[in-house]
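**Student:** give me a model of this one.
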Amino acid sequence: MAHPVAAGQRFGPPLDYARLRMTLPTGRALVNAQVAIETFDLSPDGEFVVYGSRTVSAGAYRSHLWEAPWRGGRARQLTRGPVRDTAPAISPDGRSLAFVRSPAGKEKGEPQIWIAPLEGGEAWQLTRLVHGAGSPRWSRDGQRLALLAHAGTHRFAVGEERKGRAIIARRITRTDFRDDDVGHLERRTHLWVVDARRGAKPRQLTSGDFDASQPAWAPDGSWLAFTADMGPDTNIAPRSCLYRVPAAGGEVTLLASLRGSVSRAAISPDGRLIAFLGTDVSDPGEQIPVRLWVARTRGGKPRCLTTSLDRSIGCDAWADLVQADDGQGPAWLSDDELLVIVATDGRNLPYRVTLAGEAQPTVAPGRVVGAAIAASAGRVALGAGVDRHATEIYAVEAEGTRPPARLRPITHDGSAWQGRFPLPRWDELWVDAPGGPMQVWLASPVGAGSKALPTILHLHGGPAGAWGPGGTMDGTMLTGHGYRVLMPNIRGSATFGVAWTDALRGHWGELDAQDALAAVDALVARGMADPQRLGVMGLSYGGYLTQWLIGATDRFRAAVGENGVSNQVSTWANSFFGVHFDRRWKLGDPLSRAGMLRLWRSSPLSQVASIHTPLLILQAEEDRICPASDNEQLFAALRVLGRETELILYPEEHHSLKSQGRPDRRIDRMERILAWFDRWVRELPA
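**Tutor:** Numbers count the residues shown, from 1 in each chain. As a prediction, the model looks like this:
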């Protein structure tokens, strides 16, 4: 297949950033400049959106809320100060705004629900719960708010809890005692309701040894739906269902379930139906598409609306410049039509789905990475990254009477900061690979043409994720310093159908490695990658595959593995979801010798003696998905062998350090990556 860059173009001299009035894209410059639109809500009359915008100030994050008119115009700042304001929820009458406020920087305090008058005036604090509150949802009469908050006694405490004094011990009897967001799950999250007035006291609606999430109000306000997994040990055999509970308190009853898990309930405007996402397969692996379902709120068998799609509902295409805390849908457009985001071909596209099961994209399949969707008064708003750009909120507007619609930006500050830096060229290629044609995204320096450049193979996580065209911080930095960045969607990636994802089950370190190297071969054959100056990097599963590749081949001059997995045997138990994750990916288990050997065969640590490539290991110390102990094992083995390696541990940080970590740590991470590749890849040895 021909490359879109015309033949004969050559990479010119380094960019003159001063002449172009641009900033060299260093880690420090990028992190400090970034404006991240994290979440938004569309007003009930469709006339405006309120969105949360995150910036860096004095080395700490601040998030403020802004209002932008639907028809265009300057946004109005609603909140200020050293705070993190997120999760905006506009009241049904459009006059009040509920949101979550947390202290910013070094200040301490739990997140709480606040309310601000949209017509002007000071925000005021609604909740003062000891363990904080989040996820505000207005009842449709605007008189009450549902929220989520921790409740109950410490799940594991041995001895009395005292402020400033640690408990004697933690007594653990279930495997679901931790996750990556907070570490130990000391208290369960439950559903509460509070009147939307000063001095109101929240009332707890659910209790028990389970976590409630994703609340949704019935139109008449008499009950709420929520998601929960009430099984005996949710990390061994997870299966969430939909439940309902009276808004005044009372018995919790089952509302809808499938053989797999369900999530994200949305009740129709007339209250007759509840839509949700789920899989109707027992113990579903990530190759099983998540589908859209509806069920009657008064009971009955759920009905699938997207059986015609060999794709998942959700935001599986990935770009770290595209973020969303919530709002992925489904959203009701009317009583008989819904909106969802479908992950397809390295993109996340908005789709309309009718109750008759007709599903079609609402926009042309351009370079769109959707992250959140909302509908009100017949209008549709989409939070998305489009063609290398960071998240903005777009109006989805039909140009005629039929799709496709166009995306008109409502906001502009989410990506305006990128104008300070050279925006990489971002090409979509399809290359020959052992499993068939494979999509590859290629980020190149401005004006690079088709000359062979030092190239970094960048591997995504998951493995059931996918690279999309929404842009990345690392790609912006590396291309700004003269590298190409090669991002293949190898077998195991989502968005390309069941067969493409399913092929990797039981074959980690085999098919994925073949595809990754095929992508490199294709770029070298086109004369665009210098075979003597290749690097490889990745995070999570991408970190795993990075470590695997350098044990299988010496063709990379340097590698950066971030929060990876080196020893599948230990990660089976040390990862908070390793037990069911490994089972679903057919990786094996340590419960038998044969299962243990399967785990070990796909472990980079098993071939550590063959690793000669200089390896920089980046690790978040509090990561519960890919624990630090795993990469400490690989580091120790490499040091014993006398190999070139460094281990960088980031205290207090979790798996999402790359995008959500403390600003100075994100800067350090990026600067180390660039310095490592500059040291080992950029220049050929004398």
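
**Student:** host element of Glu51?
**Tutor:** Careful, residue 51 is Tyr and not Glu. Per DSSP states H and E, Tyr51 falls inside strand 48-57.

**Student:** after that strand, which helix or strand is next? Please name it.
**Tutor:** Remark: after strand 48-57, the chain's next helix or strand is strand 60-69, criterion DSSP H and E.

**Student:** so how far is the next helix or strand after that following strand from its chain's centroid?
**Tutor:** Sequence order places strand 76-77 as the next helix or strand after strand 60-69, per DSSP H and E. Offset of strand 76-77 from its chain centre (Cα atoms, centre = their mean, to the nearest Å): 27 Å.

**Student:** begin at 42, not 1, for the rest of this chat.
**Tutor:** Yep, numbering from 42; the last one is strand 117-118 now.

**Student:** which strands and helices sit next to strand 117-118?
**Tutor:** Contact partners of strand 117-118 among helices and strands, from 3 or more Cβ pairs under 8 Å, 6 or more residues apart in numbering; DSSP states H and E: strand 101-110. For every residue, glycine as well, the C-beta is placed using N, CA and C.

**Student:** can you report how many residues neighbour the closest residue in space to His195 that isn't next to it in sequence?
**Tutor:** Closest residue in space to His195, ignoring its immediate chain neighbours: Glu227 at 5.1 Å, by Cβ to Cβ, 6 or more residues apart in numbering. Residues contacting Glu227 under the criterion other Cβ atoms under 10 Å number 19.

**Student:** now the end-to-end length of stretch 196-206.
**Tutor:** For stretch 196-206, the separation between the terminal residues is 17 Å (Cα to Cα, to the nearest Å).

**Student:** same check on stretch 509-516?
**Tutor:** Termini of stretch 509-516 sit 12 Å apart (Cα to Cα).

**Student:** does Gly193 touch Gln245 like I think?
**Tutor:** No. At 9.1 Å, Gly193 does not count as touching Gln245 under the criterion of Cβ atoms under 8 Å.

**Student:** who touches both of the two?
**Tutor:** His231 (Cβ atoms under 8 Å, 6 or more residues apart in numbering).

**Student:** which SSE is the closest residue to Thr294 other than its chain neighbours in?
**Tutor:** Of all residues not flanking Thr294 in the chain, Arg285 sits nearest, at 5.7 Å (Cβ to Cβ, 6+ apart). Using DSSP H and E, Arg285 sits in strand 282-287.

**Student:** buried ones in that strand?
**Tutor:** Cys282, Leu283, Tyr284, Arg285, Val286 (16 or more other Cβ atoms under 10 Å).

**Student:** and the last one, bridged to which residues?
**Tutor:** By that I understand Val286. Leu265 (DSSP bridges).

**Student:** list the contacts for it?
**Tutor:** Val286 touches Leu232, Leu246, Thr247, Trp264, Leu265, Phe267, Glu292, Val293, Thr294, counting by Cβ under 8 Å, 6+ apart.

**Student:** quick one: low-confidence ranges for the stretch 592-727 of the chain?
**Tutor:** 726-727 (pLDDT under 70).

**Student:** which stretches in it count as helices?
**Tutor:** Assigned by DSSP state H, counting those that start in this stretch, the stretch 592-727 of the chain shows helices spanning 609-615, 619-625, 634-642, 669-681, 698-701, 704-718.

**Student:** so which of these is the most surrounded?
**Tutor:** The highest average neighbour count among the helices of the stretch 592-727 of the chain, using mean count of other Cβ atoms under 10 Å, belongs to helix 609-615 at a mean of 21.

**Student:** how far away from the center of its chain is it?
**Tutor:** Centroid separation between helix 609-615 and its chain, computed with Cα atoms, centre = their mean, is 23 Å.

**Student:** and it, what other elements does it pack with?
**Tutor:** Counting by 3+ Cβ pairs under 8 Å, 6+ apart, helix 609-615 packs on helix 619-625, helix 634-642, helix 669-681.

**Student:** got CSV for these, with distance to Ala139 too?
**Tutor:** Listed next are the helices and strands packed on helix 609-615 as CSV, based on distance: least, Cβ to Cβ, whole Å:
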stretch, distance to Ala139
helix 619-625, 35
helix 634-642, 47
helix 669-681, 38
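
**Student:** those: which one's closest to Trp179?
**Tutor:** Closest approach to Trp179 among these is made by helix 619-625 (35.3 Å; Cβ to Cβ).

**Student:** and that closest one, what does it pack onto?
**Tutor:** Using 3+ Cβ pairs under 8 Å, 6+ apart: helix 619-625 touches helix 609-615.

**Student:** hmm, who's touching the helix it packs on?
**Tutor:** Contacts of helix 609-615 (Cβ under 8 Å, 6+ apart): 606, 619-620, 623, 628-631, 637, 640-641, 643-644, 667-668, 670-671, 674.

**Student:** quick one, what contacts Lys627?
**Tutor:** Lys627 makes contact with Arg546, Gly547 under the criterion Cβ under 8 Å, 6+ apart.

**Student:** mean confidence (pLDDT) on stretch 108-122, please.
**Tutor:** The average pLDDT for stretch 108-122 rounds to 95.

**Student:** CA atoms only for that stretch - export them in CSV, please.
**Tutor:** Provided in CSV are the C-alpha atoms of stretch 108-122 (Å, rounded to 0.1, in the frame of the first residue of the first chain):
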residue,chain,number,x,y,z
GLU,A,108,-20.1,27.5,30.6
ALA,A,109,-20.1,27.7,26.8
PRO,A,110,-23.1,28.6,24.7
TRP,A,111,-24.3,26.0,22.2
ARG,A,112,-24.3,28.4,19.3
GLY,A,113,-20.8,29.6,19.9
GLY,A,114,-19.2,32.5,21.7
ARG,A,115,-16.8,33.1,24.6
ALA,A,116,-16.9,30.7,27.5
ARG,A,117,-17.7,32.0,31.0
GLN,A,118,-15.7,30.8,34.0
LEU,A,119,-18.0,29.6,36.8
THR,A,120,-15.6,28.6,39.5
ARG,A,121,-12.2,29.7,40.7
GLY,A,122,-9.6,29.2,43.4
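
**Student:** buried residues, it. List them.
**Tutor:** The neighbour-count check on stretch 108-122 (16+ other Cβ under 10 Å) flags Glu108, Ala109, Trp111, Ala116, Leu119, Thr120 as buried.

**Student:** could you export the helix or strand of the chain with the lowest mean pLDDT as CSV, CA atoms only?
**Tutor:** Using mean pLDDT, DSSP states H and E, helix 58-61 stands out as the lowest-scoring helix or strand of the chain, at a mean of 71. C-alpha atoms of helix 58-61 as CSV (Å, rounded to 0.1, in the frame of the first residue of the first chain):
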residue,chain,number,x,y,z
TYR,A,58,11.3,27.3,17.0
ALA,A,59,12.1,30.9,17.6
ARG,A,60,11.3,31.9,14.0
LEU,A,61,8.1,29.8,14.0
